[in-house]
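Peer 1: The following comprises the amino acid sequence and a computationally predicted model.
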Amino acid sequence: MSLAAALAAAPSRSRGRAHPESDDGPRGPRDIFQRDRDRIIHSIAFRRLRHKTQVFVVPDSDHYRVRLTHSLEVAQIGRTMARALGLNEDLTETLCLAHDLGHPPFGHAGEDALKEAIADAGGFDHNAHTIRIVTKLETPYPGFEGLNLSWEALEGLAKHNGPVAHPSWALDEANAEFHLELESWPSLEAQIAAVADDIAYDNHDIDDGLRAGLIQLDDLLDLPLVERHWRAIREREGELPPDKMQRALVRDQIGTMVGDVLAETERRVHQSGVQTTEDVHAARLQLAGFSPAVAEEEKALKRFLHDRVYNAPELVAVREEAIRVVANLASAYRADPSLLPPEWRADDNVQQVRRIGDFIAGMTDRFALRRHEELVGPVELPDRF
(Lines give C-alpha, C1' and ligand atoms only; values in the text may rest on other atoms or scores of the structure.)
Protein backbone atom coordinates (compact mmCIF):
# COMPACT_ATOMS: atom_id res chain seq x y z
CA MET A 1 0.00 0.00 0.00
CA SER A 2 1.53 3.34 -0.98
CA LEU A 3 0.28 6.81 -1.75
CA ALA A 4 1.71 8.63 -4.73
CA ALA A 5 5.20 9.88 -3.90
CA ALA A 6 4.07 13.38 -4.85
CA LEU A 7 1.99 13.55 -1.65
CA ALA A 8 4.97 12.90 0.64
CA ALA A 9 6.92 15.81 2.07
CA ALA A 10 10.26 15.85 0.26
CA PRO A 11 13.37 17.34 1.89
CA SER A 12 14.42 18.77 -1.46
CA ARG A 13 11.14 20.70 -1.71
CA SER A 14 11.12 21.98 1.87
CA ARG A 15 10.22 25.63 2.36
CA GLY A 16 13.32 25.86 4.53
CA ARG A 17 13.94 27.45 7.90
CA ALA A 18 13.11 30.91 9.24
CA HIS A 19 16.83 31.51 9.77
CA PRO A 20 18.95 30.29 6.82
CA GLU A 21 21.74 27.98 7.87
CA SER A 22 24.94 26.95 6.17
CA ASP A 23 25.67 23.28 5.56
CA ASP A 24 29.30 23.85 6.53
CA GLY A 25 30.65 21.99 9.53
CA PRO A 26 30.56 18.38 10.73
CA ARG A 27 26.81 17.92 10.40
CA GLY A 28 26.83 14.43 8.84
CA PRO A 29 24.72 13.11 5.94
CA ARG A 30 21.29 14.25 7.16
CA ASP A 31 18.52 16.00 5.29
CA ILE A 32 16.43 18.85 6.73
CA PHE A 33 13.75 16.61 8.29
CA GLN A 34 16.31 14.27 9.83
CA ARG A 35 17.99 17.26 11.43
CA ASP A 36 14.61 18.43 12.73
CA ARG A 37 14.07 15.06 14.40
CA ASP A 38 17.52 15.09 15.95
CA ARG A 39 17.06 18.64 17.24
CA ILE A 40 13.94 17.51 19.07
CA ILE A 41 15.62 14.44 20.55
CA HIS A 42 18.60 16.47 21.79
CA SER A 43 16.47 19.27 23.25
CA ILE A 44 16.14 19.91 26.98
CA ALA A 45 12.35 20.07 26.64
CA PHE A 46 12.29 16.53 25.25
CA ARG A 47 14.37 15.18 28.11
CA ARG A 48 12.04 16.80 30.65
CA LEU A 49 9.14 14.70 29.33
CA ARG A 50 10.43 11.72 31.33
CA HIS A 51 9.17 13.43 34.50
CA LYS A 52 5.89 14.82 33.19
CA THR A 53 2.45 13.30 33.73
CA GLN A 54 0.70 11.24 31.09
CA VAL A 55 -2.21 10.00 33.24
CA PHE A 56 -0.70 9.37 36.67
CA VAL A 57 1.19 11.97 38.73
CA VAL A 58 4.38 10.64 40.36
CA PRO A 59 3.01 7.06 40.45
CA ASP A 60 4.50 4.45 42.76
CA SER A 61 5.39 2.18 39.83
CA ASP A 62 7.92 2.64 37.03
CA HIS A 63 5.65 0.70 34.68
CA TYR A 64 3.17 3.51 33.93
CA ARG A 65 3.51 5.77 30.91
CA VAL A 66 4.93 9.27 31.19
CA ARG A 67 4.99 11.95 28.47
CA LEU A 68 8.34 10.70 27.19
CA THR A 69 7.34 7.05 26.77
CA HIS A 70 4.00 8.13 25.30
CA SER A 71 5.81 10.26 22.71
CA LEU A 72 8.09 7.35 21.79
CA GLU A 73 5.08 5.06 21.37
CA VAL A 74 3.32 7.65 19.20
CA ALA A 75 6.47 7.89 17.07
CA GLN A 76 6.58 4.12 16.57
CA ILE A 77 2.96 4.02 15.40
CA GLY A 78 3.35 7.13 13.25
CA ARG A 79 6.51 5.83 11.57
CA THR A 80 4.82 2.53 10.77
CA MET A 81 1.87 4.25 9.09
CA ALA A 82 4.07 6.75 7.23
CA ARG A 83 6.20 3.94 5.82
CA ALA A 84 3.17 1.94 4.69
CA LEU A 85 1.68 4.99 2.97
CA GLY A 86 4.93 6.09 1.34
CA LEU A 87 5.09 9.33 3.34
CA ASN A 88 8.19 10.91 4.86
CA GLU A 89 9.05 8.92 7.97
CA ASP A 90 11.51 11.44 9.37
CA LEU A 91 9.05 14.34 9.31
CA THR A 92 6.33 12.11 10.77
CA GLU A 93 8.65 10.98 13.55
CA THR A 94 9.67 14.58 14.30
CA LEU A 95 6.04 15.61 14.73
CA CYS A 96 5.24 12.58 16.89
CA LEU A 97 8.22 13.11 19.18
CA ALA A 98 7.58 16.85 19.58
CA HIS A 99 3.80 16.97 19.80
CA ASP A 100 3.67 17.07 23.63
CA LEU A 101 6.71 19.26 24.37
CA GLY A 102 4.43 22.09 25.49
CA HIS A 103 2.63 20.22 28.25
CA PRO A 104 3.12 21.76 31.71
CA PRO A 105 3.55 19.62 34.82
CA PHE A 106 0.59 17.41 35.76
CA GLY A 107 -0.82 17.12 32.24
CA HIS A 108 -4.20 18.60 31.43
CA ALA A 109 -4.85 19.48 35.08
CA GLY A 110 -1.73 21.63 35.09
CA GLU A 111 -2.76 23.18 31.79
CA ASP A 112 -6.20 24.13 33.11
CA ALA A 113 -4.65 25.76 36.18
CA LEU A 114 -2.01 27.64 34.18
CA LYS A 115 -4.56 28.83 31.62
CA GLU A 116 -6.59 30.44 34.40
CA ALA A 117 -3.57 31.75 36.29
CA ILE A 118 -2.31 33.83 33.35
CA ALA A 119 -5.65 34.51 31.68
CA ASP A 120 -5.11 38.27 31.91
CA ALA A 121 -1.97 37.91 29.76
CA GLY A 122 -3.56 35.76 27.06
CA GLY A 123 -3.79 32.42 28.83
CA PHE A 124 -1.99 29.19 28.07
CA ASP A 125 -2.39 26.45 25.47
CA HIS A 126 -0.04 23.48 25.43
CA ASN A 127 -0.05 23.12 21.64
CA ALA A 128 0.86 26.77 21.11
CA HIS A 129 3.45 26.41 23.87
CA THR A 130 5.09 23.61 21.90
CA ILE A 131 5.62 26.12 19.10
CA ARG A 132 6.91 28.67 21.60
CA ILE A 133 9.44 26.15 22.90
CA VAL A 134 10.85 25.27 19.48
CA THR A 135 10.87 28.87 18.20
CA LYS A 136 11.85 30.83 21.33
CA LEU A 137 12.63 29.00 24.54
CA GLU A 138 15.12 26.36 23.45
CA THR A 139 18.31 28.30 22.69
CA PRO A 140 21.18 25.97 21.74
CA TYR A 141 22.37 28.03 18.76
CA PRO A 142 24.38 31.27 18.83
CA GLY A 143 22.67 33.05 15.93
CA PHE A 144 18.95 32.79 16.77
CA GLU A 145 16.35 31.76 19.32
CA GLY A 146 14.67 28.37 19.10
CA LEU A 147 15.57 25.20 17.23
CA ASN A 148 14.99 26.74 13.79
CA LEU A 149 12.92 23.79 12.60
CA SER A 150 11.78 23.50 9.02
CA TRP A 151 8.55 25.15 7.88
CA GLU A 152 7.01 21.70 7.47
CA ALA A 153 7.80 20.69 11.06
CA LEU A 154 6.48 23.96 12.51
CA GLU A 155 3.35 23.81 10.38
CA GLY A 156 2.64 20.25 11.46
CA LEU A 157 3.10 21.07 15.14
CA ALA A 158 1.02 24.26 14.95
CA LYS A 159 -1.86 22.42 13.29
CA HIS A 160 -1.56 19.27 15.40
CA ASN A 161 -5.35 19.03 15.62
CA GLY A 162 -6.19 20.56 12.24
CA PRO A 163 -6.68 24.15 11.05
CA VAL A 164 -6.50 26.86 13.70
CA ALA A 165 -9.27 29.44 13.35
CA HIS A 166 -8.47 31.42 16.51
CA PRO A 167 -4.75 31.20 17.33
CA SER A 168 -3.55 32.08 20.81
CA TRP A 169 -1.08 34.90 21.39
CA ALA A 170 1.84 32.46 21.38
CA LEU A 171 0.86 30.92 18.07
CA ASP A 172 0.12 34.35 16.62
CA GLU A 173 3.63 35.49 17.49
CA ALA A 174 5.24 32.49 15.80
CA ASN A 175 2.98 32.77 12.77
CA ALA A 176 3.88 36.45 12.34
CA GLU A 177 7.56 35.50 12.08
CA PHE A 178 7.12 32.49 9.78
CA HIS A 179 3.71 32.25 8.10
CA LEU A 180 2.33 28.75 8.76
CA GLU A 181 -0.97 28.98 6.86
CA LEU A 182 -2.95 28.20 10.00
CA GLU A 183 -6.28 28.19 8.18
CA SER A 184 -5.53 25.10 6.05
CA TRP A 185 -5.06 21.41 6.79
CA PRO A 186 -1.44 20.36 7.38
CA SER A 187 0.63 17.77 5.54
CA LEU A 188 -0.34 14.11 5.48
CA GLU A 189 2.62 13.45 7.76
CA ALA A 190 1.12 15.80 10.36
CA GLN A 191 -2.32 14.23 9.98
CA ILE A 192 -0.85 10.77 10.47
CA ALA A 193 1.05 11.96 13.57
CA ALA A 194 -2.21 13.23 15.08
CA VAL A 195 -4.01 9.92 14.49
CA ALA A 196 -1.00 8.03 15.88
CA ASP A 197 -1.39 10.06 19.08
CA ASP A 198 -5.03 8.94 19.38
CA ILE A 199 -4.18 5.30 18.74
CA ALA A 200 -1.36 5.35 21.28
CA TYR A 201 -3.19 6.91 24.19
CA ASP A 202 -6.49 5.11 23.54
CA ASN A 203 -4.80 1.77 23.94
CA HIS A 204 -2.00 2.53 26.36
CA ASP A 205 -4.34 4.31 28.76
CA ILE A 206 -6.39 1.10 28.82
CA ASP A 207 -3.18 -0.76 29.67
CA ASP A 208 -2.27 1.66 32.46
CA GLY A 209 -5.85 1.78 33.76
CA LEU A 210 -5.86 -2.01 34.06
CA ARG A 211 -2.43 -2.01 35.68
CA ALA A 212 -3.60 0.56 38.23
CA GLY A 213 -6.73 -1.43 39.05
CA LEU A 214 -9.05 1.42 38.03
CA ILE A 215 -10.76 -0.91 35.55
CA GLN A 216 -10.95 -4.66 35.05
CA LEU A 217 -10.79 -6.56 31.78
CA ASP A 218 -14.44 -7.56 32.15
CA ASP A 219 -15.40 -3.86 32.36
CA LEU A 220 -14.23 -3.38 28.80
CA LEU A 221 -16.44 -6.01 27.20
CA ASP A 222 -19.35 -3.62 26.68
CA LEU A 223 -17.20 -1.83 24.10
CA PRO A 224 -17.68 -3.39 20.62
CA LEU A 225 -14.04 -2.79 19.64
CA VAL A 226 -12.75 -4.55 22.75
CA GLU A 227 -15.29 -7.35 22.77
CA ARG A 228 -14.50 -8.25 19.16
CA HIS A 229 -10.78 -8.51 19.85
CA TRP A 230 -11.36 -10.31 23.13
CA ARG A 231 -13.31 -13.05 21.33
CA ALA A 232 -10.72 -13.32 18.56
CA ILE A 233 -7.88 -13.68 21.07
CA ARG A 234 -9.75 -16.35 23.05
CA GLU A 235 -10.44 -18.29 19.84
CA ARG A 236 -6.85 -17.96 18.68
CA GLU A 237 -4.95 -18.45 21.94
CA GLY A 238 -7.36 -20.17 24.29
CA GLU A 239 -7.42 -19.22 27.98
CA LEU A 240 -4.64 -16.77 28.85
CA PRO A 241 -3.48 -15.32 32.18
CA PRO A 242 -4.89 -11.81 32.68
CA ASP A 243 -1.59 -10.03 32.00
CA LYS A 244 -1.10 -11.93 28.72
CA MET A 245 -4.69 -11.23 27.68
CA GLN A 246 -4.21 -7.55 28.52
CA ARG A 247 -1.12 -7.24 26.36
CA ALA A 248 -2.64 -9.21 23.49
CA LEU A 249 -5.74 -7.03 23.59
CA VAL A 250 -3.78 -3.77 23.40
CA ARG A 251 -1.47 -5.14 20.72
CA ASP A 252 -4.30 -6.39 18.50
CA GLN A 253 -6.35 -3.21 18.88
CA ILE A 254 -3.41 -1.05 17.83
CA GLY A 255 -2.91 -3.28 14.79
CA THR A 256 -6.58 -3.08 13.83
CA MET A 257 -6.71 0.70 14.22
CA VAL A 258 -3.52 1.19 12.21
CA GLY A 259 -4.83 -1.02 9.42
CA ASP A 260 -8.10 0.87 9.36
CA VAL A 261 -6.35 4.26 9.13
CA LEU A 262 -4.17 3.05 6.26
CA ALA A 263 -7.14 1.81 4.25
CA GLU A 264 -9.33 4.83 5.02
CA THR A 265 -6.57 7.31 4.22
CA GLU A 266 -5.96 5.66 0.85
CA ARG A 267 -9.70 5.80 0.16
CA ARG A 268 -10.01 9.49 1.06
CA VAL A 269 -6.95 10.46 -0.95
CA HIS A 270 -8.22 8.72 -4.05
CA GLN A 271 -11.74 10.04 -3.60
CA SER A 272 -10.55 13.62 -3.11
CA GLY A 273 -8.36 13.52 -6.21
CA VAL A 274 -5.40 15.26 -4.56
CA GLN A 275 -2.24 14.97 -6.62
CA THR A 276 0.35 17.13 -4.83
CA THR A 277 1.27 18.33 -1.35
CA GLU A 278 -0.25 21.68 -2.30
CA ASP A 279 -3.53 19.86 -3.02
CA VAL A 280 -3.40 18.32 0.46
CA HIS A 281 -3.26 21.79 2.05
CA ALA A 282 -5.95 23.13 -0.27
CA ALA A 283 -8.31 20.16 0.24
CA ARG A 284 -9.68 21.71 3.45
CA LEU A 285 -10.64 18.32 4.79
CA GLN A 286 -8.94 15.68 6.86
CA LEU A 287 -7.46 13.02 4.61
CA ALA A 288 -5.96 10.75 7.28
CA GLY A 289 -8.25 9.15 9.82
CA PHE A 290 -10.45 6.27 10.90
CA SER A 291 -13.26 4.83 8.82
CA PRO A 292 -16.74 5.88 10.02
CA ALA A 293 -17.33 2.51 11.73
CA VAL A 294 -14.03 2.46 13.63
CA ALA A 295 -14.35 6.18 14.40
CA GLU A 296 -17.58 5.46 16.28
CA GLU A 297 -15.96 2.60 18.19
CA GLU A 298 -12.97 4.80 19.01
CA LYS A 299 -15.27 7.54 20.35
CA ALA A 300 -16.97 4.98 22.59
CA LEU A 301 -13.56 3.90 23.87
CA LYS A 302 -12.65 7.52 24.64
CA ARG A 303 -15.92 8.02 26.54
CA PHE A 304 -15.18 4.91 28.58
CA LEU A 305 -11.67 6.14 29.42
CA HIS A 306 -13.00 9.53 30.49
CA ASP A 307 -15.69 8.00 32.68
CA ARG A 308 -13.76 5.13 34.22
CA VAL A 309 -10.09 6.19 34.17
CA TYR A 310 -9.54 9.95 33.81
CA ASN A 311 -12.51 10.79 36.05
CA ALA A 312 -11.96 8.00 38.56
CA PRO A 313 -12.29 9.42 42.10
CA GLU A 314 -8.67 8.56 42.87
CA LEU A 315 -7.42 10.60 39.90
CA VAL A 316 -9.84 13.47 40.49
CA ALA A 317 -8.32 13.93 43.95
CA VAL A 318 -4.83 13.98 42.43
CA ARG A 319 -5.88 16.48 39.75
CA GLU A 320 -7.38 18.82 42.33
CA GLU A 321 -4.12 18.87 44.28
CA ALA A 322 -2.11 19.34 41.07
CA ILE A 323 -4.30 22.32 40.12
CA ARG A 324 -3.72 23.81 43.56
CA VAL A 325 0.05 23.41 43.19
CA VAL A 326 0.21 25.15 39.81
CA ALA A 327 -2.17 27.92 40.87
CA ASN A 328 -0.17 28.57 44.05
CA LEU A 329 3.12 28.68 42.15
CA ALA A 330 1.71 31.18 39.66
CA SER A 331 0.38 33.34 42.51
CA ALA A 332 3.72 33.25 44.32
CA TYR A 333 5.73 34.24 41.24
CA ARG A 334 3.25 36.95 40.27
CA ALA A 335 3.36 38.42 43.77
CA ASP A 336 7.16 38.42 43.80
CA PRO A 337 8.91 37.97 40.41
CA SER A 338 12.27 38.13 42.20
CA LEU A 339 11.60 34.49 43.15
CA LEU A 340 12.22 33.65 39.49
CA PRO A 341 15.72 33.09 38.14
CA PRO A 342 17.02 36.40 36.65
CA GLU A 343 16.71 35.25 33.05
CA TRP A 344 12.97 34.70 33.52
CA ARG A 345 12.21 38.24 34.66
CA ALA A 346 10.80 41.00 32.44
CA ASP A 347 10.10 44.73 32.79
CA ASP A 348 6.74 44.70 31.01
CA ASN A 349 3.88 43.32 33.14
CA VAL A 350 2.21 41.26 30.39
CA GLN A 351 5.56 39.83 29.31
CA GLN A 352 6.40 39.04 32.93
CA VAL A 353 3.18 37.11 33.41
CA ARG A 354 3.82 35.19 30.20
CA ARG A 355 7.36 34.44 31.31
CA ILE A 356 5.96 33.07 34.55
CA GLY A 357 3.75 30.82 32.42
CA ASP A 358 6.81 29.75 30.42
CA PHE A 359 8.76 28.97 33.58
CA ILE A 360 6.02 26.94 35.21
CA ALA A 361 5.18 25.10 31.97
CA GLY A 362 8.80 23.98 31.73
CA MET A 363 8.74 22.38 35.17
CA THR A 364 8.64 18.64 35.61
CA ASP A 365 6.11 17.25 38.07
CA ARG A 366 8.69 16.65 40.77
CA PHE A 367 10.34 20.07 40.35
CA ALA A 368 6.93 21.76 40.65
CA LEU A 369 6.22 19.80 43.83
CA ARG A 370 9.61 20.73 45.28
CA ARG A 371 9.22 24.42 44.44
CA HIS A 372 5.75 24.45 45.98
CA GLU A 373 7.10 22.99 49.20
CA GLU A 374 9.87 25.62 49.23
CA LEU A 375 7.74 28.66 48.37
CA VAL A 376 4.21 27.83 49.56
CA GLY A 377 3.97 24.76 51.75
CA PRO A 378 3.38 21.00 51.84
CA VAL A 379 1.73 19.03 49.04
CA GLU A 380 -0.64 16.19 49.80
CA LEU A 381 -0.83 13.65 46.99
CA PRO A 382 -2.28 10.15 47.33
CA ASP A 383 0.46 7.54 47.56
CA ARG A 384 -0.41 5.47 44.48
CA PHE A 385 -1.08 8.10 41.82
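Peer 2: That came through, no problem. Just so it is clear, the model here is predicted, and its values are computed rather than measured. Numbering: from 1, shown residues only.
Peer 1: What are the buried residues along stretch 203-221?
Peer 2: The neighbour-count check on stretch 203-221 (16 or more other C-beta atoms under 10 Å) flags 203-212, 214-215, 220 as buried. (Each C-beta comes from the backbone N, C-alpha and C, glycine too.)
Peer 1: Just put those in a markdown table and tack on pLDDT and secondary structure.
Peer 2: As requested, the buried residues of stretch 203-221 are exported to a markdown table (pLDDT from 0 to 100; DSSP: H, G, I helix; E, B strand; the rest coil):
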| residue | pLDDT | secondary structure |
| --- | --- | --- |
| 203 | 95 | helix |
| 204 | 93 | helix |
| 205 | 92 | helix |
| 206 | 92 | helix |
| 207 | 90 | helix |
| 208 | 90 | helix |
| 209 | 91 | helix |
| 210 | 90 | helix |
| 211 | 88 | helix |
| 212 | 87 | helix |
| 214 | 91 | coil |
| 215 | 91 | coil |
| 220 | 90 | helix |
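Peer 1: For the stretch 201-350 of the chain, just list every one of the strands.
Peer 2: Defined through DSSP state E, counting those that start in this stretch, the strands belonging to the stretch 201-350 of the chain form an empty list.
Peer 1: what ranges do the helices span in the stretch 51-200 of the chain?
Peer 2: 67-85, 89-98, 107-117, 126-132, 151-158, 169-177, 188-212 (DSSP state H, counting those that start in this stretch).
Peer 1: could the ones you listed be laid out in TSV, adding distance to residue 322?
Peer 2: Shown next, in TSV, are the helices of the stretch 51-200 of the chain (distance: least, C-beta to C-beta, whole Å):
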stretch	distance to residue 322
helix 67-85	14
helix 89-98	24
helix 107-117	4
helix 126-132	14
helix 151-158	25
helix 169-177	22
helix 188-212	17
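Peer 1: right, so the ones you listed: which one is the most enclosed?
Peer 2: Highest mean neighbour count of the helices of the stretch 51-200 of the chain: helix 89-98, a mean of 28 (counted as mean count of other C-beta atoms under 10 Å).
Peer 1: so who does residue 247 touch?
Peer 2: The neighbours of residue 247, taking C-beta atoms under 8 Å, 6 or more residues apart in numbering as the test, are residue 207.
Peer 1: Run a quick neighbour tally on residue 178.
Peer 2: Counted with other C-beta atoms under 10 Å, residues neighbouring residue 178 total 20.
Peer 1: Spit out the contact partners of it.
Peer 2: 18, 135, 151, 154.
Peer 1: Can you pick out the most distant pair from those?
Peer 2: The span of the contacts of residue 178, defined through C-beta to C-beta, is set by 135 and 151 at 11.7 Å.
Peer 1: so what sits against both of these two?
Peer 2: Common neighbours of residue 135 and residue 151, using C-beta under 8 Å, 6+ apart, are 18, 178.
Peer 1: so where's the stretch 201-350 of the chain shaky on pLDDT?
Peer 2: For the stretch 201-350 of the chain, applying pLDDT under 70 flags no range at all.
Peer 1: rewinding a little: which of the contacts of residue 178 sits closest to residue 40?
Peer 2: For the contacts of residue 178, the nearest to residue 40 is residue 154 (11.8 Å; C-beta to C-beta).
Peer 1: you'd agree the closest one is up against residue 135?
Peer 2: Yes: using C-beta atoms under 8 Å, residue 154 is in contact with residue 135, at 7.2 Å.
Peer 1: All good on my end, thank you.
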